[in-house]
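# Below are the sequence and a predicted model for it; my questions follow.
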Amino acid sequence: MNLSVFVGTLAFAIGAMPATAAPTTFETSPGVMAEINVTSDSSRGWIPTLDQRQHAIKTVEILHDAIDGGRYDEAYGLQVEPLKHIITATKFKQDAENFKATAGPIKFWRVVKITWTKDPAQAPFPGVYAAVDLVGQQ
């Protein structure tokens, strides 16, 4: 399964955890908020604001919480419309459940890097894009 496609580039599904398992935590590595990575094809001179950086991390956290809680419709609803044309809600749920079955219970997810771009030429429409890199541990 291509993780970058699953859950619209922010994907990592584990489904509902067993009742006896510790809850999954979500954290940000030190320095992630201060480190600004912008692609070379981004609008010249643009950098993300602190609010945009905080919003990106919070959005990923909300997505994970919905997936971890088995609220796949809610998680799917967080996807942008162009991604909904690529993957159906049913396929999204199946991929999330398959990932959980393969990966097993996850103790934590950690944001390790965010790469930003604004109005890149290859994007389907103008806007700000954030690619959030995560690691997880069982």
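Right, received. Where do you want to start? From a predicted model like this one, the values you see are computed outputs, not experimental measurements.

# wait, Glu61 sits on Phe26?
Yes - proximity of Glu61 to Phe26 meets the contact threshold set by Cβ atoms under 8 Å, at 4.8 Å. The C-beta positions use only the backbone N, C-alpha and C, and glycine is treated the same way.

# So those two - more neighbours on which side?
Neighbour count, other Cβ atoms under 10 Å: between Glu61 and Phe26, Phe26 has more, with 20 against 16.

# Just say helix, strand or coil for that one.
strand (DSSP: H, G, I helix; E, B strand; the rest coil).

# How much space separates it from Ser43?
30 Å (Cβ to Cβ, to the nearest Å).

# quick one: the strands in this protein?
When assigned using DSSP state E, the strands of the chain occupy the ranges 25-28, 37-38, 108-118, 128-137.

# Of those strands, which stretch is the most buried?
strand 108-118 (a mean of 18; mean count of other Cβ atoms under 10 Å).

# Report the angle between that one and strand 128-137.
160 degrees (axes from the mean of the first three to the mean of the last three Cα atoms, to 10 degrees).

# Send me strand 108-118 as PDB with only the CA atoms.
Only the C-alpha atoms of strand 108-118 are listed here, as PDB (Å, rounded to 0.1, in the frame of the first residue of the first chain):
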ATOM      1  CA  PHE A 108       2.500   6.800  19.500                       C
ATOM      2  CA  TRP A 109       2.800   8.900  16.400                       C
ATOM      3  CA  ARG A 110       5.400  11.700  16.200                       C
ATOM      4  CA  VAL A 111       5.600  14.600  13.700                       C
ATOM      5  CA  VAL A 112       9.200  14.700  12.600                       C
ATOM      6  CA  LYS A 113       9.100  17.100   9.600                       C
ATOM      7  CA  ILE A 114       6.700  19.400   7.700                       C
ATOM      8  CA  THR A 115       7.400  20.400   4.100                       C
ATOM      9  CA  TRP A 116       5.500  23.400   2.800                       C
ATOM     10  CA  THR A 117       4.700  24.900  -0.600                       C
ATOM     11  CA  LYS A 118       2.500  27.600  -1.800                       C
END
